[in-house]
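Asker: here is my input; please provide its structure:
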Amino acid sequence: MQDEKSNGFPTSAGILLGLGLGAFFDGIVLHQLLQWHHMLSGWYPLNSLNNIRLNTLWDGLFHSAAYVLVLAGLYLLWQRARKDGLDWSNERCLGVMLLGWGIFNLVEGVIDHQILRLHQVNETAPEAQRVFWDIGFLLWGAAMLAMGARLVRGAQGKVHGQGDLQPH
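Answerer: Predicted coordinates:
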């Protein structure tokens, strides 16, 4: 990984953006659009109005945390972009964001889905099949982590004019 003190795309900003975007995708697509699960639906099933309210509140807190992660990533990116000599790299930017998103999926998938059992990926599937959705979520996270690492490694040493975006 490129050192934060170098001129390259800031790793910490990309990781935070990836974490936040991964959380937003999970919350918007899985919680809201598909309604497969909610933040605490493994502990408080959606079988009463009080449980629905509790889950909706925790979904909102989850989205608030995602928002803070994205704002922190944008702040770090903005701080770095204001300095002279920043080498923008599309590959590195996408790579570190995929690292963050992959980390989100793996941590959320292991801790929330497997250890704490807060919810599973697809709670509308038959009970015996839910583990396969959870495994798929983890494999998706691992694939993003691997793709992100590959992009970051491939971007090292690249300079402007090699397919990278140049700041104006």
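Asker: contact partners for the nearest residue to residue 37 once chain neighbours are set aside?
Answerer: Nearest residue to residue 37, sequence neighbours excluded (CB to CB, 6 or more residues apart in numbering): residue 119, at 3.8 Å. C-betas here are computed from N, CA, C, even on glycine. Neighbour list for residue 119: 37-42, 112-113 [criterion: CB atoms under 8 Å, 6 or more residues apart in numbering].
Asker: just residue 19 next, same as before
Answerer: Contact partners of residue 19, counting by CB under 8 Å, 6+ apart, are 66, 69, 73, 100-101, 103-104.
Asker: name the helices or strands packed onto the host helix or strand of residue 144?
Answerer: Here residue 144, judged by DSSP states H and E, is contained in helix 130-155. For helix 130-155, the packing partners by 3 or more CB pairs under 8 Å, 6 or more residues apart in numbering; DSSP states H and E come out as helix 90-108.
Asker: render the CA-only coordinates of the helix it packs on in CSV, please.
Answerer: Backbone C-alpha positions of helix 90-108 (Å, rounded to 0.1, in the frame of the first residue of the first chain) are rendered in CSV as follows:
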residue,chain,number,x,y,z
ASN,A,90,-8.6,5.8,-11.0
GLU,A,91,-7.3,2.3,-10.3
ARG,A,92,-6.0,3.2,-6.8
CYS,A,93,-9.2,5.1,-6.0
LEU,A,94,-11.5,2.2,-7.0
GLY,A,95,-9.1,-0.3,-5.4
VAL,A,96,-9.0,1.3,-2.0
MET,A,97,-12.8,1.8,-2.1
LEU,A,98,-13.3,-1.9,-3.0
LEU,A,99,-11.0,-2.7,0.0
GLY,A,100,-13.2,-0.7,2.3
TRP,A,101,-16.4,-2.2,0.9
GLY,A,102,-14.9,-5.7,1.1
ILE,A,103,-13.9,-5.1,4.7
PHE,A,104,-17.5,-3.9,5.4
ASN,A,105,-19.0,-7.1,4.0
LEU,A,106,-16.6,-9.4,5.8
VAL,A,107,-16.8,-7.7,9.2
GLU,A,108,-20.6,-7.2,9.0
